[in-house]
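# pasted the sequence and its predicted model underneath.
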Amino acid sequence: MQQRKQSGQIIRIGDRWHVRYWERRNVAGSLERKRVTHPLGPVMTRGKRPHADIKAEAERHMATVNAGVIPAERTVTLADFVERVYLPWVEQFKRPSTAKGYRDIWQDHLKPWAAGAWLKDVKTYHVQGWLDQIGQGELSRNTLKHIKSVLSAIFKLAKQQGYFEGENPVWDTMVNPTAAAPAETYAYSLEEINAVLSFLPESVNTVFAVAAFTGLRQGEIQGLRWEDYRDGELAVSHSVWNGKVGEPKTGKSKAAVPVIRQLAGRLELHRLRSGNPSEGPMFPNHAGKALCLGNAVKRVILPALRESGVEWHGWHACRRGLATNLKQLGVDDVVIQRILRHSSVSVTQSCYIKARDVAVEDAMARLETKLTESLTRDEAISGEAAISIQ
């Protein structure tokens, strides 16, 4: 049935003009006719009647309403769209860990500010207001950028699915520029790796060695099976997160990683102690399923390291450590990228290869030596000049 065209009613609310009209909206899955108002602009004259600019803005907005670009069944709040469309879509097409991260961002940061906004009416200044409110907390700049990225993805899907029309309102917004910089990440040195290995019991010793000497991600280690270990390589073909088996992070992540001799010896010893299996999880728990490395940290690793004085920096410090240690050995960045299976060498360079303090100190020590030699030579020349004058 064709909807009757409306001209709207211009009304004054406080110090601003609004246009009031009727609109059919999707409320919790059912279509309802609601009376709504749309802001037009501030009251600029003393009279009771709106000036020409306000009337023109009302006509422009009502033309959009009457055009019916967004059908009634897709006129929903942001919360309805995110929880009924976006998050189910993410769960279907993204990795489980990614889906959980997006859901947490919505629940913890975006929902408190944006849930009730009507999706089709959201403008850039609305989004900027939400980001400003969220940015008043203690979140780091990277976290705020991640929140903005998720919000942009929400509007991208909304446009693709016919819930939103126009330019993505997130594009021209910005996060708090004074927010804290992200904390510096850590990379294990070879000396630290050997120290950790010397204190860990066999149950997790080999797991840590795999992390340190192959650079596999936590989920990839949990997904390792004995069938993946062949011809001196570990074939990365699965990733396990919260007990769910899935694909590795990216297409390039699905590749083989060479096993160095020291790690091969540990793996063979681990295989013998496990009953010499030829298939099944490489690191099983008591139930025979993939070991949860988070539980291993809490129950075994932290207690073992607590009294040793060796600090635990997390599984990813092993991955960054491998990149940094290979770099110090003179390995080319592109080769390191291939070993870590990154999609881009820039990721390897910016996030994984760390400049060690030892290298910095050595560089400054060389400068100090050179400066001392230069000063000594100058002093000697000065002394010779003084003798000649006398």
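Sure, I can see it. Residues are numbered from 1 along each chain as shown.

# which stretches of the stretch 101-250 of the chain form strands?
In chain order, the stretch 101-250 of the chain shows strands spanning 229-230, 233-235, 239-241, 244-246, with DSSP state E, counting those that start in this stretch as the criterion.

# as a markdown table, these with mean pLDDT and mean neighbour count would be great.
All C-beta atoms are positioned from the backbone trio N, CA, C, and that covers glycine. Formatted as a markdown table, the entries for the strands of the stretch 101-250 of the chain read as follows, by pLDDT from 0 to 100; neighbours: other Cβ atoms under 10 Å:
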| stretch | mean pLDDT | mean neighbour count |
| --- | --- | --- |
| strand 229-230 | 94 | 14 |
| strand 233-235 | 93 | 17 |
| strand 239-241 | 88 | 22 |
| strand 244-246 | 82 | 14 |
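
# closest to residue 330 out of the ones you listed?
Closest to residue 330 of the strands of the stretch 101-250 of the chain, according to Cβ to Cβ: strand 233-235, at 22.9 Å.

# what's the closest one in contact with?
Residues from elsewhere that reach strand 233-235, judged by Cβ atoms under 8 Å, 6 or more residues apart in numbering: 210, 214, 216, 224, 228-229, 255-259.

# please indicate which of these are buried?
Buried members of the contacts of strand 233-235, counted by 16 or more other Cβ atoms under 10 Å: 210, 214, 216, 224, 228-229, 257, 259.

# so which residue is dead centre in the protein?
The chain has residue 146 as the residue nearest its centroid, 5.9 Å off, counting by Cα atoms, centre = their mean.

# correct me if wrong: that residue contacts residue 104.
No - contact between residue 146 and residue 104 fails when scored by Cβ atoms under 8 Å: they sit 10.6 Å apart.

# of the contacts of strand 233-235, which belong to helices?
210, 214 (DSSP state H).

# can you mark which positions in stretch 131-142 are buried?
When burial is assessed from 16+ other Cβ under 10 Å, stretch 131-142 yields the following buried residues: 131, 134-135, 139, 141.

# distance check, residue 339 against residue 189.
Remark: distance between residue 339 and residue 189 (Cβ to Cβ, to the nearest Å) = 18 Å.

# what's the pLDDT at residue 381?
At residue 381, the model reports a pLDDT of 56.

# before we move on, the earlier item: looking at the buried ones among the contacts of strand 233-235, which is nearest residue 373?
residue 214 (44.2 Å).

# ok, the nearest residue to the closest one once chain neighbours are set aside - contacts?
In this structure, residue 214 finds its nearest non-sequential neighbour in residue 257, 4.7 Å apart by Cβ to Cβ, 6 or more residues apart in numbering. Contact partners of residue 257, counting by Cβ under 8 Å, 6+ apart, are 214-216, 233-234, 236, 339, 341.

# which two among those residues are spaced furthest apart?
Spanning the widest gap among those are 215 and 233, at 13.4 Å by Cβ to Cβ.

# got the buried ones among the contacts of strand 233-235 as JSON lines, with distance to residue 308 columns?
Output for the buried ones among the contacts of strand 233-235, formatted as JSON lines (distance: Cβ to Cβ, whole Å):
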{"residue": "210", "distance to residue 308": "21"}
{"residue": "214", "distance to residue 308": "24"}
{"residue": "216", "distance to residue 308": "24"}
{"residue": "224", "distance to residue 308": "27"}
{"residue": "228", "distance to residue 308": "32"}
{"residue": "229", "distance to residue 308": "30"}
{"residue": "257", "distance to residue 308": "29"}
{"residue": "259", "distance to residue 308": "27"}
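
# what's the closest of those residues to residue 82?
Distance from residue 82 was checked for each of the buried ones among the contacts of strand 233-235 by Cβ to Cβ. The minimum falls on residue 216, at 33.5 Å.

# from residue 224, how far off is that closest one?
As judged by Cβ to Cβ, residue 216 and residue 224 stand 8 Å apart.

# pull up the overlap in contacts between the two.
Residues touching both residue 216 and residue 224 comprise 210, 234, with contact defined as Cβ under 8 Å, 6+ apart.

# pLDDT at the residue nearest to the centre of the chain, what is it?
Among the per-residue scores, residue 146 holds a pLDDT of 96.

# wait, what's in contact with it?
Contact analysis of residue 146 by Cβ under 8 Å, 6+ apart lists residue 105.

# on that earlier part again, let me have the buried residues of stretch 131-142 in JSON lines, adding distance to residue 185 and pLDDT as columns.
As requested, the buried residues of stretch 131-142 are arranged in JSON lines below (distance: Cβ to Cβ, whole Å; pLDDT from 0 to 100):
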{"residue": "131", "distance to residue 185": "25", "pLDDT": "97"}
{"residue": "134", "distance to residue 185": "23", "pLDDT": "96"}
{"residue": "135", "distance to residue 185": "22", "pLDDT": "94"}
{"residue": "139", "distance to residue 185": "17", "pLDDT": "93"}
{"residue": "141", "distance to residue 185": "15", "pLDDT": "92"}
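
# restricted to helices, list those.
Mapping these onto helices (DSSP H) picks out 131, 134, 141.

# against residue 130, how distant is the last one?
In other words, residue 141. Using Cβ to Cβ, which is the criterion applied here, residue 141 is 17 Å from residue 130.

# related to what we said a few turns ago, columns distance to residue 23 on top of the strands of the stretch 101-250 of the chain, output as TSV?
As requested, the strands of the stretch 101-250 of the chain are exported to TSV (distance: least, Cβ to Cβ, whole Å):
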stretch	distance to residue 23
strand 229-230	62
strand 233-235	57
strand 239-241	43
strand 244-246	42
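
# out of those strands, nearest to residue 88?
Proximity to residue 88, assessed across these by Cβ to Cβ, is greatest for strand 244-246 (16.6 Å).

# what lines up beside that closest one in the sheet?
strand 239-241 (antiparallel) (DSSP bridges).

# quick check: which ranges of this protein have low pLDDT?
For the chain, the stretches flagged by pLDDT under 70 are 1-3, 67-72, 355-361, 377-390.

# got the domain boundaries for it?
For the chain, whose domains are defined here by automatic domain parsing, the residue ranges read 9-74, 78-160, 190-315.

# export these as TSV, with columns for distance to residue 348.
Formatted as TSV, the entries for the domains of the chain read as follows, by distance: least, Cβ to Cβ, whole Å:
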stretch	distance to residue 348
domain 9-74	43
domain 78-160	18
domain 190-315	10
